[in-house]
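[1] how would this look folded up:
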Amino acid sequence: MAEFVLLYTGGGMPESEEEQAKVMQAWNDWYGAISASLKDGGNPFGRAKTVGGDGSVKDGAKGTLFTGFTIVSSASLETAADIAKGSPVLQNGGSVTVYEVVEM
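    From the prediction side, this is the model:
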């Protein structure tokens, strides 16, 4: 089994307590459904800084703005992508990029 990082892009933050509870329940339900594969449920991302090769530091992310992550174990990139298809971030207009973690 290999590890895969699911990186989230987009999605929305619920505004009311009722919406927050509904979204949290969807995440908890998904985590329960993938529990055999779940390594780290992850978290949403906050602010970012970008450090350049010359040591310069700038506010914000360069390139794709990722909004959070989850780490799963899976037999292949394809099955990890199948796991990602159930992510609640997709219900709020987000997307998931799946990366295989390469053991060194």
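[2] C-alpha only now, for contacts and for neighbours.
    Fine.
[3] Now for this structure, the helix or strand with the poorest mean pLDDT.
    Among the helical and strand segments of the chain, the one scoring lowest on mean pLDDT, DSSP states H and E is helix 17-33, with a mean of 94.
[4] Whichever helix or strand comes after that one: how far from the chain's middle?
    The element immediately downstream of helix 17-33 (helix or strand, assigned by DSSP states H and E) is strand 38-40. Between the centre of strand 38-40 and the centre of its chain there are 11 Å (Cα atoms, centre = their mean, to the nearest Å).
[5] before we move on, what about stretch 73-81?
    Relative to its parent chain, stretch 73-81 has a centroid offset of 15 Å by Cα atoms, centre = their mean.
[6] Show the average pLDDT along that stretch.
    Stretch 73-81 carries an average pLDDT of 98.
[7] for stretch 90-104, same thing?
    pLDDT averaged over stretch 90-104 gives 94.
[8] show me where this protein has helices.
    Using DSSP state H, the helices found in the chain span residues 17-33, 77-84.
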